[in-house]
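Sequence and predicted structure are below.
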Amino acid sequence: VQLQASGGGLVQAGGSLRLSCTASRMILSEFWSYNMGWYRQAPGKERELVAVINSDGTTNYEDSVKGRFTISKQNSRKTVYLQMNSLKPEDTGIYYCNFKRLNANYWGQGSQVTVSS
């Protein structure tokens with residue numbers, strides 16, 4: 001399984017970005033069984049969970065992004081998204097997608113998100 005992330009970039013505070021993470025070498029029937037998350041790592045800080053969408057479709061968000069970020073998935077494309085609105089400088093970091101289930105844990109390459117003030 002490989003996860004390919006895209007969509008990072010440089011944006012001014014208040015702007016929006018959408019991250020995508022697409023799974024390859026994964027059969028479609030397996031995709032639904034994963035819990036999928038987006039993590040970020042700010043400079044000098046540990047990686048933290050930002051948002052997760054569980055296999056049953058329920059979602060959870062880190063407090064600082066609630067109401068601004070939305071995680072979703074499109075099964076037919078084997079893709080998970082993170083829509084980020086009202087971005088703040090403190091959202092700056094490298095964002096990683098993660099697919100996890102029992103006995104399986106996959107990471108995408110990081111996507112740099114930089115929010116200027």
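Nice, I can see it.

hey, let's count contacts and neighbours off CA atoms from now on
OK.

Now for the spatially closest residue to Trp107 that is not a sequence neighbour, how many residues are close by?
Spatial nearest neighbour of Trp107, chain neighbours left out: Asn98 (4.6 Å); criterion: C-alpha to C-alpha, 6 or more residues apart in numbering. Around Asn98 there are 21 other residues, counting by other C-alpha atoms under 10 Å.

and Asn98, what helix or strand is that in?
Following DSSP states H and E, one finds Asn98 within strand 93-101.

any residues touching the next helix or strand after that strand, and which ones?
Later in the chain than strand 93-101, the nearest helix or strand by DSSP H and E is strand 104-107. If you take C-alpha atoms under 8 Å, 6 or more residues apart in numbering as the criterion, strand 104-107 is touched by 1-3, 96-100.

among those residues, who's most crowded?
Cys97 (29 neighbours).

any idea how far the nearest residue to that one once chain neighbours are set aside lies from Ser117?
Nearest residue to Cys97 in three dimensions, chain neighbours excluded: Trp38, at 4.6 Å (C-alpha to C-alpha, 6+ apart). For Trp38, the distance to Ser117 (C-alpha to C-alpha, to the nearest Å) stands at 23 Å.

buried ones in the one helix or strand in the chain whose mean pLDDT sits lowest?
For the chain, using mean pLDDT, DSSP states H and E, the weakest element among its helices and strands is helix 28-31, scoring a mean of 88. For helix 28-31, burial by neighbour count (16 or more other C-alpha atoms under 10 Å) applies to Phe31.

what about dumping the CA coordinates of it to PDB?
Once non-C-alpha atoms are left out, helix 28-31 reads as follows in PDB (Å, rounded to 0.1, in the frame of the first residue of the first chain):
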ATOM      1  CA  LEU A  28     -11.400  -0.900  -3.000                       C
ATOM      2  CA  SER A  29     -13.100  -3.300  -0.700                       C
ATOM      3  CA  GLU A  30     -10.300  -2.800   1.900                       C
ATOM      4  CA  PHE A  31     -10.500   1.000   1.800                       C
END
